[in-house]
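Engineer: Sequence first, then the predicted structure:
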Amino acid sequence: MAEARQPLWRKVPMPSSRVNPYRIVIILRLIILCFFFRFRILTPAYDAMPLWGISVVCEIWFALSWILDQFPKWFPINRETYLDRLSLRFEREGEPNKLAPVDFFVSTVDPLKEPPIITANTVLSILAVDYPVDKVSCYVSDDGASMLLFDTLSETAEFARRWVPFCKKHNVEPRAPEFYFSQKIDYLKDKVYLGSEGALDVEGKELPRLVYVSREKRPGYSHHKKAGAMNALIRVSAVLTNAPFMLNLDCDHYLNNCKAAREAMCFLMDPQFGKKLCYVQFPQRFDGIDRHDRYANRNVVFFDINMKGLDGIQGPVYVGTGCVFNRQALYGYDPPVSEKRPKMTCDCWPSWCCCCFGRSRKTKSKKKGQGSLLGGLLPKKKKMAGKHYSRKGSIPAFELEEIEEGLEGYEELEKSSLMSQKNFEKRFGQSPVFIASTLMEEGGLPEGTTSSSLIKEAIHVISCGYEEKTEWGKEVGWIYGSVTEDILTGFKMHCRGWKSVYCCPERAAFRGSAPINLSDRLHQVLRWALGSIEIFMSHHCPLWYGWGGKLKFLQRLAYINTVVYPFTSIPLLAYCTIPAVCLLTGKFIIPTISNLASIWFLALFLSIIATSVLELRWSGVSIEDLWRNEQFWVIGGVSAHLFAVFQGLLKVLGGVDTNFTVTSKAADDTEFGDLYIFKWTTLLIPPTTLIILNLVGVVAGVSDAINNGYGSWGPLFGKLFFAFWVIVHLYPFLKGLMGRQNRTPTIVVLWSILLASIFSLVWVRIDPFLPKQTGPILKQCGVEC
Ligand SMILES: O=c1ccn([C@@H]2O[C@H](COP(=O)(O)OP(=O)(O)O[C@H]3O[C@H](CO)[C@@H](O)[C@H](O)[C@H]3O)[C@@H](O)[C@H]2O)c(=O)[nH]1
Ligand SMILES: [Mn+2]
């Protein structure tokens with residue numbers, strides 16, 4: 001009994017011996033940065049003002065983006081769950097099982113890029129989940145309305161009758177057949193069970209529900225891609241099963257740990273803490289990535305450093321898959337306010353940290369009536385469900401009293417019910433069954449409904465006109481307006497004051513596939529960056545949206561970072577080009593460097609290295625992963641991100657729409673997206689140009705040094721170092737460009753040759769080996785000549 005009362009999870013703080021040095025170095029780096037900028041700004045290069053100006057602007061941008069990236073990692077934490085206590089508390093012998101029901105959502109759209117067998121695997125892994133069967137329902141959204149998938153799913157359902165009992169009997173992991181059988185183990189070694197009848201016997205044993213959903217689509221209606229598909233699933237599932245929690249997965253992310261749903265319940269069913277949670281996010285882990293992870297597909301730095309940092313503030317961002325939602329949060333409600341007076345400080349250290357600073361001011365200024373959308377609706381709820389709902393939490397207490405006082409006469413009650421019915425329809429659309437379901441906070445279906453009428457209603461709520469003139473996609477459900485609907489949806493919830501939790505069980509909860517070739521990968525980051533730009537240019541931009549709300553300051557910094565990072569491509573490209581330009585024109589951006597100044601340069605480099613090393617130490621990320629991350633930052637930065645910025649501008653200024661190109665899930669993609677050749681070439685040009693520019697710069701530097709002696713070795717070394725940096729960073733890109741994994745369109749090669757010829761021509765014009773040549777390069781040694 002006492003055991004059952006114990007907490008279901010625990011925050012595991014990072015040891016202070018790890019975090020404190022890390023924080024000290026961050027502060028030092030900030031101070032050094034100030035001195036560095038003092039030097040840079042006070043010593044302009046008078047003969048190369050534009051170059052100097054550009055480089056300083058770039059440096060300032062880099063510093064700002066560093067701050068945006070760094071400070072949300074100030075309070076990293078880990079969490080630990082206790083599954084045994086969960087089942088002690090909610091699964092007592094002889095009593096009905098009290099674990100909360102969960103609706104699983106799987107989305108798929110393109111049967112060619114996402115072969116149905118992948119979805120089938122995911123579905124099987126869900127059906128075999130270690131959770132009470134009557135509490136599991138699996139909804140598959142097929143945006144492609146593919147007959148092939150429909151057939152596959154009916155076969156899958158049939159196969160599940162064998163597969164599920166087999167998994168449970170032998171306790172296998174993972175429960176996606178393809179991945180289970182691809183493990184190199186001798187299945188017959190210690191269990192000879194294939195002949196046993198029991199494993200095949202499914203009679204009498206219940207299986208979880210499996211529902212195939214393909215929403216209606218018509219020309220002339222906007223379908224809002226994945227977000228639209230998810231919103232259709234919210235409504236269908238509300239009508240058919242209405243579990244209070246839903247687990248959302250992309251079709252390729254199968255359940256790798258059959259206890260994943262239980263892990264999430266340790267947080268969501270926590271009596272106090274759970275009520276404030278909008279979702280529990282799991283890290284994304286991947287199969288089938290090349291051993292060296294050339295294109296940083298695993299995103300380890302993001303999943304093991306940034307997300308753990310956010311977990312210590314208001315919670316991880318939602319990343320689109322592997323996430324268990326609280327249904328109430330998706331309905332656009334505010335989290336319940338705790339019974340106690342609102343705390344003036346957060347759990348952060350030190351207590352005067354910026355997030356609390358912002359908050360204590362806000363609590364005072366909170367206006368009456370704010371966030372009380374439901375104020376007028378409360379009586380209706382009471383009437384309909386005959387139960388007191390805790391959504392009271394979202395309404396300031398004094399206001400609630402007012403409402404209750406106003407409810408004296410029955411007439412008034414009727415009137416307000418009518419009003420609220422209207423409000424509900426405005427918000428959720430015209431489905432009485434759906435609206436009734438939203439009031440059942442504990443889940444479950446309204447009484448007196450027949451399954452045939454429910455199915456009819458389910459079809460009604462996925463018709464394409466259903467969302468018109470409602471709040472779906474604006475305040476309710478997955479939010480529309482960006483191809484990275486995930487970031488936007490999570491952001492809105494955090495703005496409302498919800499918290500989220502990052503859950504990293506030892507055995508990865510889910511595993512998915514990632515694009516392995518360069519073209520797919522660049523396309524993916526292009527889409528992500530585009531999504532960010534879309535948010536940046538919308539009214540949901542975290543730079544100005546929701547100030548005065550409940551978004552913590554550091555959390556806001558993190559969200560700002562997620563929408564502005566693509567812009568870094570511009571200074572990055574400029575900064576990478578400047579050295580070559582310097583060498584070609586003989587004008588330098590750092591005219592003279594004093595001993596003191598060189599100390600700031602050195603200190604800056606050292607502190608950059610030190611932060612990385614200390615970050616690796618508290619997170620356990622390997623140096624190789626950090627390196628890949630850095631490399632891909634440059635590769636994506638000078639190509640896909642840059643392109644996204646232009647495409648985003650085009651969209652806003654010219655109204656050119658962005659499309660959602662689904663990432664191929666099959667490991668061996670055969671065709672090279674023939675439709676997108678033009679796009680690809682455009683993407684591949686900037687890095688190619690960059691490399692050529694730098695090679696030219698290096699050659700220029702070498703010949704210059706040979707011609708002019710000792711005087712120019714300094715810039716030459718700088719140049720060599722820089723070329724090394726660029727080449728090392730672009731190495732995986734080059735390999736991808738040349739390698740077999742990626743069939744490069746001939747056009748890219750042609751472009752490169754063309755660019756190379758242009759530069760060679762320029763080179764011939766300024767050949768410093770010719771005696772008495774007074775080309776631009778020779779000017780640089782000035783007096784010495
Ligand atoms: O009209 C559409 C388009 C996409 N999808 C589904 O959306 C999911 C994500 O698409 P994918 O191409 O795999 O995107 P990734 O880049 O791999 O996905 C990451 O980034 C996306 C945001 O851009 C998130 O939506 C994803 O969940 C997240 O895993 C897939 O299941 C698709 O089937 C739909 O259901 N309908
Ligand atoms: Mn994916």
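Structural biologist: Okay, I see it. Ligands and ions are numbered 1, 2, ... in the order given.
Engineer: Every contact and neighbour count from this point should use C-alpha atoms.
Structural biologist: Noted.
Engineer: now the strands for the stretch 201-350 of the chain?
Structural biologist: For the stretch 201-350 of the chain, the strands defined by DSSP state E, counting those that start in this stretch occupy 209-213, 245-250, 254-255, 277-281, 285-287, 323-326.
Engineer: Burial check on the residue in the stretch 1-150 of the chain positioned nearest to ligand 1, number of neighbours?
Structural biologist: Closest approach between the stretch 1-150 of the chain and ligand 1, counting by CA to the nearest ligand atom: residue 108, at 3.0 Å. Residue 108 has 27 neighbours, counted by other CA atoms under 10 Å.
Engineer: again, but for residue 177
Structural biologist: By the measure other CA under 10 Å, the count of residues near residue 177 is 17.
Engineer: which non-adjacent residue is nearest it?
Structural biologist: residue 121 (6.2 Å; CA to CA, 6 or more residues apart in numbering).
Engineer: Please apply the same query to residue 297.
Structural biologist: Using CA to CA, 6+ apart, the nearest residue to residue 297 is residue 514, at 6.4 Å.
Engineer: now do residue 463
Structural biologist: residue 216 is the one closest to residue 463 (CA to CA, 6+ apart), at 5.1 Å.
Engineer: Now do the same contact list for the one you found.
Structural biologist: Contacts for residue 216 (CA atoms under 8 Å, 6 or more residues apart in numbering) come out as 462-464.
Engineer: measure it to residue 227 for me?
Structural biologist: Per CA to CA, to the nearest Å, residue 216 is found 14 Å from residue 227.
Engineer: cool, residue 506 as well?
Structural biologist: Distance of residue 506 to residue 227, given as CA to CA: 30 Å.
Engineer: And the two? Which one has more around it.
Structural biologist: residue 227 (25 against 8).
Engineer: Could you count how many residues lie near the closest residue to the more buried one other than its chain neighbours?
Structural biologist: Distances taken as CA to CA, 6+ apart put residue 478 closest to residue 227, at 5.2 Å, once the chain neighbours are dropped. Close neighbours of residue 478, defined as other CA under 10 Å, add up to 28.
Engineer: thought residue 478 was touching residue 491?
Structural biologist: No. Using CA atoms under 8 Å, residue 478 is not in contact with residue 491, being 10.8 Å away.
Engineer: Residue 241 - how many residues pack around it?
Structural biologist: 20.
Engineer: so who does it touch?
Structural biologist: 103, 137, 443-445.
Engineer: ok, now residue 138?
Structural biologist: 103-106, 123, 126-127, 208-211.
Engineer: Doesn't it belong to a strand?
Structural biologist: Yes. Assigned with DSSP: H, G, I helix; E, B strand; the rest coil, residue 138 falls within a strand.
Engineer: Quick check: beta-bridge partners of it?
Structural biologist: Residue 138 has these beta-bridge partners by DSSP bridges: residue 104, residue 210.
Engineer: Let's see the pLDDT reported for it.
Structural biologist: Looking at residue 138, its pLDDT stands at 94.
Engineer: do the same with the one 4 residues further on
Structural biologist: The confidence metric pLDDT takes the value 93 at residue 142.
Engineer: Residue 251 against residue 113, yeah?
Structural biologist: No. Residue 251 is beyond contact range of residue 113, at 11.1 Å (criterion: CA under 8 Å).
Engineer: Between those two, point out the one with more neighbours.
Structural biologist: residue 251 (28 against 15).
Engineer: so who does the nearest residue to the more buried one once chain neighbours are set aside touch?
Structural biologist: Leaving aside its chain neighbours, residue 251 sits nearest to residue 119 (4.9 Å; criterion: CA to CA, 6+ apart). The neighbourhood of residue 119, defined by CA under 8 Å, 6+ apart, consists of 106, 108, 251-252.
Engineer: Residue 180 too?
Structural biologist: Applying CA under 8 Å, 6+ apart, we find residue 180 in contact with 172-174.
Engineer: swap in residue 435?
Structural biologist: Shown in contact with residue 435 (CA under 8 Å, 6+ apart): 424-425, 428.
Engineer: Just the element for it, please.
Structural biologist: helix 432-438 (DSSP states H and E).
Engineer: Restrict that helix to CA atoms and write it as CSV.
Structural biologist: Output in CSV follows, covering the C-alpha atoms of helix 432-438 (Å, rounded to 0.1, in the frame of the first residue of the first chain):
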residue,chain,number,x,y,z
PRO,A,432,-23.3,16.8,-31.0
VAL,A,433,-21.6,13.4,-30.3
PHE,A,434,-18.2,14.9,-30.7
ILE,A,435,-19.1,17.9,-28.5
ALA,A,436,-20.5,15.6,-25.8
SER,A,437,-17.3,13.6,-25.9
THR,A,438,-15.1,16.6,-25.3
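Engineer: Of the contacts of residue 138 - the most surrounded one?
Structural biologist: Counting by other CA under 10 Å, top hit in these: residue 123 with 31 neighbours.
Engineer: and the strand or helix carrying it with strand 209-213, angle?
Structural biologist: Using DSSP H and E, residue 123 sits in helix 116-127. If you take axes from the mean of the first three to the mean of the last three CA atoms, to 10 degrees, helix 116-127 sits at 140 degrees to strand 209-213.
Engineer: quick one: helix 116-127 near ligand 1?
Structural biologist: No. Residues of helix 116-127 contacting ligand 1 under CA under 6 Å from any ligand atom: none, with a closest distance of 9.0 Å.
Engineer: before we move on, the earlier item: tell me what the residue of the stretch 1-150 of the chain closest to ligand 1 is bridged to.
Structural biologist: residue 142.
Engineer: how about it, what does it touch?
Structural biologist: 114, 119, 140-144, 250-251.
Engineer: taking these as a set, which two sit the farthest apart in space?
Structural biologist: Greatest spatial distance among those (CA to CA): 144 and 250, at 14.2 Å.
Engineer: what does this structure put close to ligand 1?
Structural biologist: Residues of the chain lying close to ligand 1 (CA under 6 Å from any ligand atom) are 107-109, 143, 225-226, 229, 250-251, 319-321, 483-484, 486, 524, 528, 662-663.
Engineer: how deep is the residue lying closest to residue 637 once chain neighbours are set aside tucked in, by neighbour count?
Structural biologist: In this structure, residue 637 finds its nearest non-sequential neighbour in residue 569, 4.7 Å apart by CA to CA, 6+ apart. Neighbours of residue 569 under the rule other CA under 10 Å: 23.
Engineer: For residue 569, report the pLDDT, please.
Structural biologist: 89.
Engineer: I figured residue 491 hits residue 317, correct?
Structural biologist: Yes. Contact criterion CA under 8 Å: residue 491 and residue 317 qualify, at 7.3 Å.
Engineer: Give me the contacts around stretch 297-307.
Structural biologist: If you take CA under 8 Å, 6+ apart as the criterion, stretch 297-307 is touched by 72-73, 76, 283-286, 289, 315-317, 502, 514-516, 521, 615, 619, 621, 625-626, 629.
Engineer: Kindly apply the preceding question to stretch 221-240 instead.
Structural biologist: 103, 105, 107, 139, 141, 143, 213, 215, 217, 243, 433-434, 437-438, 445, 454-455, 457-459, 461-462, 464-465, 472-473, 477-481, 483, 485, 660.
Engineer: Stretch 589-606 now?
Structural biologist: The contact list for stretch 589-606 (CA under 8 Å, 6+ apart) reads 29, 32-33, 35-36, 39, 43-45, 48-49, 51-52, 55, 582.
Engineer: try 10 Å this time
Structural biologist: The contact list for stretch 589-606, computed with CA atoms under 10 Å, 6 or more residues apart in numbering, reads 25, 28-40, 43-56, 578-579, 582, 608-610, 612, 715.
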